[in-house]
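>>> build me a model:
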Amino acid sequence: MLYVRLCIDKADQLELRDRVRAEHRAYLKPNIEQGAVPHIVQAGPLCIDDNDDTNLASFMIIEAGNIDEVKLFHEGDPFTKAGLYEKVYIHRWDKHIG
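Here you go, the predicted structure:
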């Protein structure tokens with residue numbers, strides 16, 4: 001099944017995001033490989049606008065057997081552990097197009 005994970009940063013946390021970014025990416029790397037559980041299908045930060053690449057949230061499409069696998073993956077993310085996020089949305093995605 002596919003899931004969307006959308007994590008909105010707390011205000012004024014760019015320094016925290018920058019400081020933990022390398023650890024966050026290292027955590028994600030094994031889950032990019034085909035066959036990984038959960039498997040990251042797409043991922044990347046949301047940016048402020050067309051002219052400002054400042055990150056304000058994290059977005060992922062994740063393939064997993066169930067939502068509990070995604071939640072467990074989320075809890076292990078260094079960004080989550082560092083307290084970067086203000087709001088987190090994890091929902092099954094019923095893909096219709098593409």
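>>> rest of the way, CA atoms for contacts and neighbours
Will do.
>>> what sits up against the longest helix seen in the chain?
The longest helix of the chain (DSSP state H) is helix 14-28. Helix 14-28 is contacted by residues Ile40, Asn55, Asp77, Pro78, Phe79, Ala82, Leu84 when judged by C-alpha atoms under 8 Å, 6 or more residues apart in numbering.
>>> tell me which residues of it come out buried.
The neighbour-count check on helix 14-28 (16 or more other C-alpha atoms under 10 Å) flags Arg17, His24, Leu28 as buried.
>>> any chance of CSV for these, columns distance to Asp49?
Converted to CSV, the buried residues of helix 14-28 look like this (distance: C-alpha to C-alpha, whole Å):
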residue, distance to Asp49
Arg17, 18
His24, 23
Leu28, 25
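>>> columns pLDDT and distance to Phe73 on top of those, output as JSON lines?
Formatted as JSON lines, the buried residues of helix 14-28 follow (pLDDT from 0 to 100; distance: C-alpha to C-alpha, whole Å):
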{"residue": "Arg17", "pLDDT": "95", "distance to Phe73": "18"}
{"residue": "His24", "pLDDT": "97", "distance to Phe73": "12"}
{"residue": "Leu28", "pLDDT": "97", "distance to Phe73": "9"}
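>>> hang on, the earlier thing: nearest to Ile97 among the contacts of helix 14-28?
Set against Ile97, the nearest of the contacts of helix 14-28 by C-alpha to C-alpha is Ile40 (18.5 Å).
>>> tell me the bridge partners for that closest one.
Per DSSP bridges, the residues bridged to Ile40 are Ile62.
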